[in-house]
Structure formats: structure tokens, C-alpha cells
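> pasted the sequence and its predicted model underneath.
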2 protein chains.
Amino acid sequence: MTETRPLEPEEWELWDAWMRAQRLLVRELERGLQRDCDISKAEFSVLVTLWRAAGRELRVGELAETLDWDKGRVSHQLTRMEKRGFVRRTRYGTDGRRAGIGLTAEGRRAARDAVLVHGGNIRRHFLDPLTPEQASVIRAWSGRTVDRLEPHRDGGADDSAS
Amino acid sequence: MTETRPLEPEEWELWDAWMRAQRLLVRELERGLQRDCDISKAEFSVLVTLWRAAGRELRVGELAETLDWDKGRVSHQLTRMEKRGFVRRTRYGTDGRRAGIGLTAEGRRAARDAVLVHGGNIRRHFLDPLTPEQASVIRAWSGRTVDRLEPHRDGGADDSAS
DNA sequence: CCGGAGGAGTTGTCACGTCAACTCTAGGTT
DNA sequence: AACCTAGAGTTGACGTGACAACTCCTCCGG
């Protein structure tokens, strides 16, 4: 089927350049987040997701689905963030299972700050340097890549045309 | 200076789509590497870098420079890979410092395999789905992003035109 | 009512990645 | 020679991420 010959130099260079750019961008943004808001990328993702739920408590499974994270990862992350005072697990009824996840006041404050600051950093490092052509190409490529690699996916707000 | 207003929905969507695609792609390739070659992305990077040195022993600092990794990270990674039998630290003279890093026979075998298999996976998941236009746009964007964010960088084979 | 299947969360383990502190050596200064 | 400083590597601590095993509960069939 797929003949496995080594990558041509220019193929390798494209791949390497893309990986490098992607990694540098993510690292830069994560450092900004850490420096300006004292939170990590993972914490940001959780804070924003809960922030968007507008007060409604989410379940671990919903968080995992929305973020496309392993549920174990979500649970670990929540444990750390609970320790930092950003989120609260509220348990339903008598049993230990079935926890609802909500932001604390501190978590809401952090989310509000981070959305502003991090949004600005994303503009500066990612959006602003894009030419309109690059933006549309990257948009299209991202959409197709996600469609190709995301296993299930239905509830999203994605309406990317082919 | 930079007015910090929240991202517009379509700005956010572009960012989110890109992040998601990038993450899915990296995860998919890493899984392939683990499944087919039983090595991690980090191990792959080190193996390939040493492989390309064609027998010459590299220093920790050279590895860190080439990979753009923190030297502590390199050291940790080498410790793990030494334990797996992929690399060897050879110490110069009487002192404990100044180690040269080389591949073992096992490491050479793993590198040869991985270059083929992983190369095929990169083709399948990244290169082949790209249209020539997308490839050139992504190439240009990657080059400029690296130039903008990489602090020093000089010895590279990068000749990306503006 | 009992027992098993399955789903939701949690926990453990291990590798990765970052940062800062530490060690050892070499080289320069006095 | 004694000092001290800069560079190279190592180490430790901690958060992140992937994966599998485990616990509880619920539900369903007998």
C-alpha cells in the first residue's frame, strides 16, 4: 500500500518548519499566560469552558467531550485547580459519583482576566501576522484536518464548508 | 498600546480550529510512532538528530541547540533513553563533565525504522492532504513565525524568502 | 431480590516538559 | 597558589498528558 520511503529533504523541511512554528507559538503563548495571568494553558482551557457555560455546572464528561481530553486528564486537572481555588466540585445527593463542576469567584476573576490578556496575545502572535490568504488557507486546512482526525464530533459550532 | 478587547467569535474560531487541528495531528502521529515503533516523539527527535550526525558524537549543548530544547530537558531525556539502551554517554578524560552522546546499535536500528515508518505517517496525515497552494502558504507562514519567535537561530538551512 | 453489565469519575503510573538550583571544571585575576 | 566566575551538565520539584485499573452507582434480566 503506502510505499515507505524516507521523506525528501524538502518534505522534511516543510514538516520540520511547521512543527517548529507550531511549537514556538504555543510556547510563547503559554509563557505569556503564565507571566501575565499566572495560569497554565490547561487551566485556561478549563476556565474558559466553564466560563462559557455561564454559571451552569458541567459534568466531568461534558468537559472531557468539549475539550477533547481524556476523562482522567480532566479529573487530574480539576484536582489541581480545586486545590488552587479556581473550581468547585459539587456532589449530587448521597453518592460520591456525579459531580458538577463550577467556577469559584476566584475562578471567574481569573477567567475574565485571562480571556482579555490571552486574547490579546493570540492577536499579537497569531492573528495579526496572518495575511488574509494565510488565514483562509489555515482555516480550511484546520477544518479538514479536524474532520479527518476527530473520531466523533457533532455538537460543535463548526460549520466549515468543504 | 494594544487594546485588549476579547476576541471576536470568528477570531476565536480560527484560533480554536488551528489549535485543535495541530493537536490532533501531533497526537495521531505520536500514537502511530508508539504503536508502530514503540518510541515517543521526544525519543524520535533525539534519535533522528543523532542519526543525522552520522556517527559523530554530539554534546548535550549541541542537541539542545539543534532541537531548541532546554538543556535540562535534554539531560532528562538522555537519562531515560540511556536506560532503554538507545544512546550512550561517553565521558571525556578524567572529569565527569563534558559528555559526548552517541547512538548504540539498538538506537541506530530504532532510528532507521522510525525514519521510514514515521516518514510514511507524516506523508499520510500531513503532506499528502496538502494542496500545493496550502503547502506553500503553510511553508511561508511557518518560516515567518519561526523567524519572529526564535530568539537566535543562525546555523539553520532555512532560506525562506519573504 | 440477586447478579452482572456498563457508564461516570477517580486514582495510579509513567513519560514529557519547564524552571531553578546545584555541581564540577576551566580559565582568568590578583 | 587562592579565588572567583562563567559555562556545561545534572538533578529535583512540579505540572502536564496518556493510559489502564479501579470504584460506585444504575439499570436490566432472571
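Done, it's in. Residues are numbered from 1 along each chain as shown, chains lettered A, B, ... in the order given.

> pLDDT below threshold where in chain A?
For chain A, applying pLDDT under 70 flags the ranges A:1-4, A:92-98, A:151-162.

> hmm, 50 instead?
A:155-162 (pLDDT under 50).

> and the strands in it?
For chain A, applying DSSP state E gives strands covering A:58-59, A:87-91, A:99-103.

> looking at these, which is closest to DNA strand C?
strand A:58-59 (3.2 Å; Cβ to the nearest atom of the strand). In short, each C-beta sits where N, CA and C put it, glycine included.

> now for that closest one, which elements pack on it?
strand A:99-103 (3 or more Cβ pairs under 8 Å, 6 or more residues apart in numbering or on different chains; DSSP states H and E).

> which one, of the strands of chain A, ends up nearest to residue A:113?
For residue A:113, the closest of the strands of chain A is strand A:99-103, at 12.8 Å, according to Cβ to Cβ.

> which one of the strands of chain A lies nearest to DNA strand D?
When the strands of chain A are ranked by proximity to DNA strand D (Cβ to the nearest atom of the strand), strand A:87-91 comes first, at 10.1 Å.

> how about a markdown table for the strands of chain A, with mean neighbour count and distance to DNA strand C added?
Below are the strands of chain A laid out as a markdown table (neighbours: other Cβ atoms under 10 Å in any protein chain shown; distance: least, Cβ to the nearest atom of the strand, whole Å):
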| stretch | mean neighbour count | distance to DNA strand C |
| --- | --- | --- |
| strand A:58-59 | 18 | 3 |
| strand A:87-91 | 15 | 5 |
| strand A:99-103 | 19 | 4 |
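
> can you get me a residue count around the nearest residue to residue A:85 once chain neighbours are set aside?
Excluding the flanking residues, the one nearest residue A:85 by Cβ to Cβ, 6 or more residues apart in numbering or on different chains is residue A:106, at 4.9 Å. The tally of other residues near residue A:106 (other Cβ atoms under 10 Å in any protein chain shown) stands at 12.

> now do residue A:133
Using other Cβ under 10 Å: residue A:133 sits among 12 other residues.

> ok, back up a step: can I get the strands of chain A in a markdown table including distance to residue B:32?
Listed next are the strands of chain A as a markdown table, based on distance: least, Cβ to Cβ, whole Å:
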| stretch | distance to residue B:32 |
| --- | --- |
| strand A:58-59 | 32 |
| strand A:87-91 | 34 |
| strand A:99-103 | 33 |
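
> out of the ones you listed, which gets nearest to residue B:71?
strand A:87-91 (35.4 Å).

> pull up the pairing partners for that closest one, direction included.
Strand A:87-91 has the following strand partners under DSSP bridges: strand A:99-103 (antiparallel).

> off-centre distance for the strand it pairs with?
19 Å (Cα atoms, centre = their mean, to the nearest Å).

> settle this for me: residue A:74 is touching residue A:66, isn't it.
No: using Cβ atoms under 8 Å, residue A:74 is not in contact with residue A:66, being 9.8 Å away.

> looking at the two, which one has more neighbours?
Neighbour count, other Cβ under 10 Å: between residue A:74 and residue A:66, residue A:74 has more, with 24 against 19.

> give the contact list for that one.
Contacts of residue A:74 were listed using Cβ atoms under 8 Å, 6 or more residues apart in numbering or on different chains, and they are A:46, A:60, A:63-64, A:67.

> the closest residue in space to residue A:104 that isn't next to it in sequence: what's it in contact with?
Using Cβ to Cβ, 6+ apart and skipping the chain neighbours, the partner closest in space to residue A:104 is residue A:88 (5.4 Å). Residues near residue A:88 by Cβ under 8 Å, 6+ apart: A:82, A:101-104.

> what's the closest of these to residue B:5?
Of the contacts of residue A:88, the one sitting nearest to residue B:5 (Cβ to Cβ) turns out to be residue A:103, at 21.8 Å.

> count of neighbours near the residue lying closest to the closest one once chain neighbours are set aside?
Leaving aside its sequence neighbours, residue A:103 sits nearest to residue A:50 (Cβ to Cβ, 6+ apart; 4.9 Å). If you count neighbours by other Cβ under 10 Å, residue A:50 ends up with 24.
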